[in-house]
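A.B. asks: only geometry, no sequence info:
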């Protein structure tokens, strides 16, 4: 079941995020933020959790604005994280579908993602979901003492002119 991500899910959402951080190819973050920081950085209307039949969080999706400038009000960057034991069951696809529906309903025309090139599963997932590769940002930032590249992907809404 897909539901809005709320403070009631905070501990489980942050645990899923920490597991993604620990894997090393999901984000530049090295420690999970506090719930207050996580909550403040993501748009409340566009964040979701996938729950199992017992209400346990299987994954989450959320967006952040890419800029405070008004001209970029319709452009967001998204994150999708799924528990390792829930992968391969359509959880990420269901979360992204909900996210796309909510952002398009709000007039958001572009969803971006920055993915490490080593994260081939995420790259394939995004391409299947209609994202296109814009290019590679070479040596964009340091991660655990080494320079890392990211592949910039975007999905432009076909419904918003």
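C.D. replies: Thanks, I have it. As the structure is a computational prediction, the values presented were derived from the model and not from experiment.

A.B. asks: center of this protein - which residue?
C.D. replies: Taking C-alpha atoms, centre = their mean, the centroid of the chain lies closest to residue 79, which sits 0.8 Å from it.

A.B. asks: secondary structure element for that one?
C.D. replies: Assigned by DSSP states H and E, residue 79 belongs to strand 75-82.

A.B. asks: and the contacts of the helix or strand following that strand?
C.D. replies: Downstream of strand 75-82, the first helix or strand assigned by DSSP H and E is helix 91-105. Around helix 91-105, the neighbours that count as contacts under C-beta atoms under 8 Å, 6 or more residues apart in numbering are 2, 45-46, 48-50, 58-63, 76, 78, 80, 82-83, 111, 125, 129, 155, 157, 159-160. Quick note: C-beta positions are derived from backbone N, CA and C, even for glycine.

A.B. asks: check contacts around the residue nearest to the centre of the chain.
C.D. replies: With C-beta under 8 Å, 6+ apart as the criterion, the residues that contact residue 79 are 27, 60-64, 113.

A.B. asks: what's the separation between it and residue 26?
C.D. replies: Distance, residue 79 to residue 26, using C-beta to C-beta, to the nearest Å: 9 Å.

A.B. asks: same deal with residue 43?
C.D. replies: Distance check for residue 43 against residue 26: by C-beta to C-beta, it reads 20 Å.

A.B. asks: residue 125 now?
C.D. replies: When C-beta to C-beta is the yardstick, residue 125 and residue 26 sit 12 Å from each other.

A.B. asks: do the same with residue 95
C.D. replies: 15 Å.

A.B. asks: cool, and residue 55?
C.D. replies: 24 Å.

A.B. asks: and for residue 62?
C.D. replies: The span separating residue 62 from residue 26 equals 14 Å under the rule C-beta to C-beta.

A.B. asks: between those two, which is the more surrounded one?
C.D. replies: Neighbour totals were compared for residue 62 and residue 26, and residue 62 leads with 25 against 18 (other C-beta atoms under 10 Å).

A.B. asks: what's near enough to touch the more buried one?
C.D. replies: Going by C-beta under 8 Å, 6+ apart, the list of residues near residue 62 reads 5, 42-43, 46-48, 78-79, 99.
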